[in-house]
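> the sequence isn't on hand, but the structure is:
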C-alpha cells in the first residue's frame, strides 16, 4: 500500500524522538516499495532534465544568498574607504541583509503557503536581481544600507519557498539526502565564489562590479527557475490560509528593534547610555513579548505554529542552532578582518586562504548525502560542534607577530588552515543534518514554515551575535579608557569576538550531545504516517464496535 508522491502528501518523517527512523508499525506498507520510492525521481518531475533544472534553480538560489554574505566581507574595507563609512558603522552594511532576512522569513513563508512556492520563489530571485544592480550604484552609506536591506528581503522570500519546493517533492530516503547535500554544497560554493569575486573586484577592478556580477548570476537563476520549476508544483496555495497580521506586526518590529539596539549600542555617541539605544531595546522586547502572547493565544493561524516544536528535542536544537550559526557569523566577519588588518593579506590572498573551507565544504556536503542514512545524526552533530569550537578557538589563540615572527607561513599552516577545515566541518554538517531532520519532521503544509525556521535561525543568529560582539568590544573599550589604559588594538578587538564565539560553540556542542537523531533512512512521509495512524485508529474503533455488537447479540 503506497501513496503517490504529490505535493499534498509528500511531507517527510514523523515528529518523534528518532525523527529519521520511526519505530511505528508499518505493517500496511511494503518496506521494499518505500525503499524504492525513497530512491526514485519524484513523479512531479517528469524527466531527468526537468529534475536537473529544478534542483539547479533551487540550489543556485542558496548559492546567491551566500554569495552576498561572504563576498561583501571581503569588499567591505574597500567599500568603507570609497564611501567614507566610519569604522564603527561598517558592521551595518554587512549585517542588515541578515537582519532583514531573519525578520521577514516567517511572513514570506506564509505567502509561500498561501500563494504557492513557485511564485514566491521567482519573485524573490527577481527582486534580488533588481537590488543587486542598484547596490552597485550606491553613492553613500545610507543608500548602500537600504539596498542591502532590500537584498535581504529577496533572500527571505526565496529561501523558505525553495526548501518548501524541495521538501514537498522528495520523500525521505537517500535521494532526498543527496539533494539536500547538493543544496548545502552550493551554499559552500556560493560562499567561496562570493569571496573570489569580491577579492577580484576589490583588488583588480571596482568594488561595484561585485554587485553587478551577482546581479548577472541572480538573473540566470531567475531564468532557470522560470523555465524548469513545474508550474503545478507549489503553485496551488492554500486559499484558506490568511496572513497573521498581529504576528507580523509584533514579530518583525520586535526583531528589528532588538537587533538594532545590540548592533548600534557599540557605536552610539554615549554607547548603551544613549537614550535611543536603550529605548529601542525596551520597545523591541515589549513587541517580542506581545508576539509570544499573540502567537500562542490570539492568532487563529499563527505565523509560527506550536506544532513546529512538537518533535522531541526541537527546542534544544533551535537554541543550539541559534548559537552555532552565531559562531559562523562571527567567524566569517572577524576572520576576514583579522586576515586583512592583522596579517595584512591582500584580497586575493584572503580568498586563497579561504579555499580549504570551500573545497572541504563541497566534499563534506556531497559525502553527507551518501552517509546520512548510515550514521546517526547525533554523532554527526557532535562532530559538527567540535568543528565550530576548534575553528574559533584557533583564532582566539593565534599568537601575535612581533618583529616578523612567527612567520605568515607558520601562522597559516598552524592556525588558519586547520581553522578553515574545522569551520567547514561545523557549518556544513550542521546545515545538512538539520535541513533533513527539520523538513522530515514536518507535514507538507508546514514545509515553508520549516524552511523559514531553518534560515531564520541562520540569519538571526548571525545578525544578533554580531551585535553582541560589537557590544562586548565597545564595553571593553570604555572600561580601558576609564582605567586610563591604552586603546584596544584591532587584534585585541577581534580576540574579544573570537572568545565570545568559543563560549557559544561550547554551549552548542553540549546541546548537540543531548539530541537523539537517528539515520535519515527511507521511510514514509509525515502525512502518510498521520494517515496510517488515523486508519489504524478507525480500524480499532470499528473492532471495538463489532465486539460490543457481538456481546449485545449474545446477551439477547
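Everything's here; your move. Computed from a predicted model, the values in this text were never measured in an experiment.

> end-to-end on stretch 132-146?
11 Å (Cα to Cα, to the nearest Å).

> contacts for it, please.
Contact with stretch 132-146 is made by 68, 79, 83-85, 89, 92-93, 96, 147-148, 150-151, 208-212, 214-215, 218, as judged by Cβ atoms under 8 Å, 6 or more residues apart in numbering. All C-beta spots, glycine's among them, are computed from the backbone N, C-alpha and C.

> can I have the buried ones of those as a ChimeraX selection?
To isolate the buried members of these in ChimeraX, using 16 or more other Cβ atoms under 10 Å:
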select :68,79,83,85,92,93,96,147,148,150,151,208,209,210,211,212,214,215,218
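
> which ones among the contacts of stretch 132-146 lie within helices?
68, 79, 92-93, 96, 147-148, 150-151, 208-212, 214-215, 218 (DSSP state H).

> how far does the helix or strand encompassing residue 534 sit from the chain's center?
Residue 534 belongs to helix 526-555 when elements are defined using DSSP states H and E. Centroid separation between helix 526-555 and its chain, computed with Cα atoms, centre = their mean, to the nearest Å, is 44 Å.

> what of stretch 462-475?
The answer for stretch 462-475 is 19 Å, by Cα atoms, centre = their mean.

> please apply the same query to stretch 463-483.
26 Å.

> do stretch 190-210 as well
Distance, centroid of stretch 190-210 to centroid of chain: 23 Å (Cα atoms, centre = their mean).

> and it, which residues are buried?
Quick answer for stretch 190-210 (16+ other Cβ under 10 Å): 190-203, 207-210.

> show me the domain layout of this structure.
31-244+301-533, 245-300 (automatic domain parsing).

> what's the span of the first one, first residue to last?
Taking Cα to Cα as the measure, domain 31-244+301-533 stretches 17 Å from start to finish.

> quick check: mean pLDDT of that domain?
Average pLDDT, domain 31-244+301-533: 84.

> show me how far it is from its chain's centre.
That offset, for domain 31-244+301-533, works out to 4 Å (Cα atoms, centre = their mean).

> cool, and the last one?
Counting by Cα atoms, centre = their mean, domain 245-300 is centred 22 Å from the centre of its parent chain.

> now do the same end-to-end measure for it.
11 Å.

> need the contact list for residue 483.
No contacts exist for residue 483 under Cβ under 8 Å, 6+ apart.

> err, residue 180, not the other one
Here residue 180 is in contact with 166, 369, 432, 435, 436, 439 (Cβ under 8 Å, 6+ apart).

> list buried residues within the residues you listed.
166, 369, 432, 435, 436, 439.

> show me the two of those residues that sit farthest apart.
The distance between the two most remote of the buried ones among the contacts of residue 180 (Cβ to Cβ) is 14.2 Å, for 369 and 439.

> now the residue nearest to residue 217 when sequence neighbours are not counted: phi and psi?
Using Cβ to Cβ, 6 or more residues apart in numbering and skipping residues adjacent in sequence, the residue nearest residue 217 is residue 64, 6.3 Å away. Main-chain torsions, residue 64, degrees, to the nearest 10: phi -70, psi -40.

> now residue 64: how far from residue 460?
Look at residue 64 and residue 460: by Cβ to Cβ, to the nearest Å, they are 19 Å apart.

> so for those two, which residue has more residues nearby?
residue 64 (29 against 23; other Cβ atoms under 10 Å).

> give the contact list for the more buried one.
125, 128, 190, 214, 217, 218, 221 are the contacts of residue 64 under Cβ under 8 Å, 6+ apart.

> what about 7 Å?
Residues near residue 64 by Cβ atoms under 7 Å, 6 or more residues apart in numbering: 128, 190, 214, 217, 218, 221.

> tell me the two of those that are most distant?
Farthest pair in the contacts of residue 64, by Cβ to Cβ: 128 and 190, 12.3 Å.

> narrow the buried ones among the contacts of residue 180 to those in helices?
Per DSSP H, the buried ones among the contacts of residue 180 map to helices at 166, 369, 432, 435, 436, 439.

> wait, the fifth one sits on residue 177?
Yes. Taking contacts as Cβ atoms under 7 Å, residue 436 lies within contact range of residue 177: 6.1 Å.

> check the domains of the chain for me and report the most buried one.
domain 31-244+301-533 (a mean of 21; mean count of other Cβ atoms under 10 Å).

> in TSV, list the contacts of residue 64 along with distance to residue 263.
Formatted as TSV, the contacts of residue 64 follow (distance: Cβ to Cβ, whole Å):
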residue	distance to residue 263
128	23
190	24
214	24
217	28
218	26
221	30
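
> for those, which one is nearest residue 397?
Checking those against residue 397 by Cβ to Cβ gives residue 190 as the nearest, at 29.8 Å.

> element containing the closest one, please.
According to DSSP H and E, residue 190 maps onto helix 174-204.
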